[in-house]
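[1] For reference, the sequence and a predicted model appear below.
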Amino acid sequence: MPSTKPTIEINKNILEMEYAVRGPIPQRAAKLKSEGKKIISCNIGNPQALGQAPMTYYRQVLSLVEDPSKIARERELKNIFEASPFSKLQDEDFISEDILALSESILAKTEKGVGAYTESKGYLFVREAVADFINRRDGFSSGSGLAANPENIFLTDGASDGAKRILNLLIAKKTDGIMIPIPQYPLYSASVKMYGGVQVNYYPNEDQDWALGREELENSHAEAVAEGVNVKAIVVINPGNPTGAILDAASIHEVLSFAKKHGLAIIADEVYQENLYGGEFVSFAKALGDEKSVPIFSLHSISKGFYGECGHRGGYLEVRNPPQIAGTELNFVDLLLKQASVSLCANTVGQIITYLMVSPPEARNTEHNNFIAEKEKILGELYEKATMIREAFKEMEGVEVFGKTGAMYLFPRLNKLPAGTDDFDYCMALLEETGLSTVNGSGFGQKEGTYHLRIAFLPSKDLLTEVLPEWIAFHNKYVNN
Ligand SMILES: Cc1ncc(COP(=O)(O)O)c(C=O)c1O
């Protein structure tokens, strides 16, 4: 009997695109977990899923903005308890006046609260705060030619949303190419595929701590052009995912001069700008200075850093030097606005957390000390955990890791694997043996003939203390089989 199930033809690009971070190894991990095996999920940068506590400052404001009736109630309760001789409650048991006042001021700026659609670009007061943040971070004086323009800032449902919006607009023809670092975060390869463009690989130099060399950029560009590709943009992820590497100023200036020479736009994915453990972050906006000929799209997000609010989906996209749209009076920002209008607006809660991310409590605020203590604890522990894993690599035969520690990942090279096996086999065997879920290097792309894995250094120190000796034992047995 012929099947009665309906069939349908779909966009082949989506059928063919791949996304290893949620690919076969995590799927197998989910299956093992459902069968009762203890799984340690190091396959994704999802901090709160691995026990990282949310920042109190963000969550208190968020709860009050979601339920404004609790602001007056909190004040009233505090008054009652303060006047009561029987109360054992202290000042710190109540939400501080600074938080209550901040929540009120945010609500006043939203006008109707967070249940209403916002402007397509996002709340203006948040975009202004983002512009101030960029100016403070990069040392631009407001009102100067370099100052960020809130009209060129779009609030997004995470950086992924921002990246997809740009790629969707840039890829106009099948021959349009986007340069992507290899290894890369698969958002880029998947989106270029989805929008029907050409992925043009370039390879940062692993042995030189993943620095970018001009010769490599030129060769990759020239090869693509020789094959008929119209290269339009270059993606740079700094600090890197999966490598965790922090780009030095020389590499950033090399990319700028390369982009200028070939008329390329730069997509600067800077979501890990707070995750630096020994290197300095230089933004592309700052490095660009007053150069007017290179369009830059920079992305930031509430998902990473010490905030780790991935599930809330928030972030921004800043455009510098927006290009004119060929054959029209419009420029790129006009089109981004048109495109954003179709989805009405980014989610409001994500917009509010973006506001809080770019406006931390000031030193005179009662929240300041607690905020700094929580931030330093999270970042300090991330570094300790990365160091524990790096130390374990020293006991594994043939394992090397390059670059300063940044982002949330280590990307060790596996120089010794049994004949006929690759990093996918290794990661699957590691999962089955120890419950450690990592991602094979091939999921991000890698130089032919090399093998890697990516591990997110997010599980608790206790879990790492338990699993690292098991990993070392597994490794040294596996590679000698
Ligand atoms: C380099 C990079 N860009 C973007 C994202 C996605 O960020 P968001 O959660 O803001 O969409 C990730 C997530 O891991 C990432 O590693």
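    Structure received. Residues are numbered from 1 along each chain as shown.

[2] Strands of the stretch 1-150 of the chain, start to end?
    With strands called from DSSP state E, counting those that start in this stretch, the stretch 1-150 of the chain shows them at 40-41.

[3] closest point of it to the ligand, which residue?
    Proximity of the stretch 1-150 of the chain to the ligand (Cβ to the nearest ligand atom) peaks at residue 45, 4.3 Å away. Backbone N, C-alpha and C define where each C-beta goes, glycine included.

[4] you'd agree that residue is up against residue 456?
    Yes. The criterion here is Cβ atoms under 8 Å, and residue 45 meets it with residue 456 at 5.2 Å.

[5] All the helices of the stretch 1-150 of the chain, in order from the start?
    12-16, 24-34, 56-66, 69-83, 97-110, 124-138 (DSSP state H, counting those that start in this stretch).

[6] again with the stretch 351-481 of the chain
    368-393, 423-434, 461-478.

[7] could I get these as a markdown table with mean pLDDT?
    Shown next, in a markdown table, are the helices of the stretch 351-481 of the chain (pLDDT from 0 to 100):
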| stretch | mean pLDDT |
| --- | --- |
| helix 368-393 | 93 |
| helix 423-434 | 95 |
| helix 461-478 | 94 |
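
[8] and those, which is most packed in?
    Mean neighbour count (mean count of other Cβ atoms under 10 Å) peaks for helix 423-434 among these, with a mean of 20.

[9] roughly how far is it from the heart of the chain?
    26 Å (Cα atoms, centre = their mean, to the nearest Å).

[10] can you list contacts of it?
    Residues outside helix 423-434 that contact it (Cβ atoms under 8 Å, 6 or more residues apart in numbering): 24-25, 28-29, 32, 39-40, 414, 417, 436-443, 451-453, 467, 470-471, 474-475, 478.

[11] residues contacting the residue of the stretch 351-481 of the chain found nearest the ligand?
    Nearest residue of the stretch 351-481 of the chain to the ligand: residue 407, at 7.0 Å (Cβ to the nearest ligand atom). Contact analysis of residue 407 by Cβ under 8 Å, 6+ apart lists 45, 239, 240, 241, 243, 244, 272, 275, 304.

[12] what's the burial count for the second one?
    As a burial measure, residue 239 scores 29 neighbours (other Cβ atoms under 10 Å).

[13] which residues does it contact?
    Per Cβ under 8 Å, 6+ apart, neighbours of residue 239: 245, 246, 247, 272, 273, 275, 276, 279, 281, 406, 407.

[14] Tell me which of these fall in helices.
    Assigned to helices by DSSP state H, none of the contacts of residue 239 qualify.

[15] Which members of the residues you listed are positioned in strands?
    276, 406 (DSSP state E).

[16] Lowest-confidence entry in the contacts of residue 239?
    Ranked by pLDDT, the contacts of residue 239 bottom out at residue 279, which has 82.

[17] Which two among the contacts of residue 407 are spaced furthest apart?
    243 and 304 (14.8 Å; Cβ to Cβ).

[18] out of these two, which sits in the busier spot?
    residue 243 (27 against 24).

[19] And the more buried one, how far from residue 210?
    5 Å (Cβ to Cβ, to the nearest Å).

[20] Touching both of the two, which residues are there?
    With Cβ under 8 Å, 6+ apart, residue 243 and residue 210 have common neighbours 204, 402, 403.

[21] Throw those into CSV and include distance to the ligand and neighbour count, thanks.
    Shown next, in CSV, are the shared contacts of residue 243 and residue 210 (distance: Cβ to the nearest ligand atom, whole Å; neighbours: other Cβ atoms under 10 Å):
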residue, distance to the ligand, neighbour count
204, 14, 26
402, 18, 19
403, 15, 22
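
[22] In this protein, where's the longest strand?
    strand 230-237.

[23] Now find how far off-centre that one is within its chain.
    With Cα atoms, centre = their mean, you get 18 Å for strand 230-237.

[24] before we move on, what about stretch 473-480?
    The answer for stretch 473-480 is 33 Å, by Cα atoms, centre = their mean.

[25] hey, C-alpha coordinates of that stretch in PDB?
    The C-alpha trace of stretch 473-480 is given here as PDB (Å, rounded to 0.1, in the frame of the first residue of the first chain):
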ATOM      1  CA  ALA A 473      42.400   7.700  32.000                       C
ATOM      2  CA  PHE A 474      39.900   7.400  29.100                       C
ATOM      3  CA  HIS A 475      42.100   9.500  26.800                       C
ATOM      4  CA  ASN A 476      45.400   7.700  27.500                       C
ATOM      5  CA  LYS A 477      43.800   4.300  26.900                       C
ATOM      6  CA  TYR A 478      41.800   5.400  23.900                       C
ATOM      7  CA  VAL A 479      44.700   6.900  21.900                       C
ATOM      8  CA  ASN A 480      46.900   3.900  22.500                       C
END
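
[26] contacting residues around it?
    395-399, 414, 416-418, 426, 429-430, 433-434.

[27] Swap in 10 Å and give it another go.
    Outside stretch 473-480, the residues within contact range by Cβ atoms under 10 Å, 6 or more residues apart in numbering are 392-393, 395-399, 414-418, 421, 425-426, 429-430, 432-434, 436, 467.

[28] One more: stretch 62-70?
    In contact with stretch 62-70 (Cβ under 10 Å, 6+ apart) are residues 54, 60, 71, 73-74, 77, 95, 99-100, 102-104, 106-107, 110, 113-115, 309, 312, 348-349, 352-353, 355-356.
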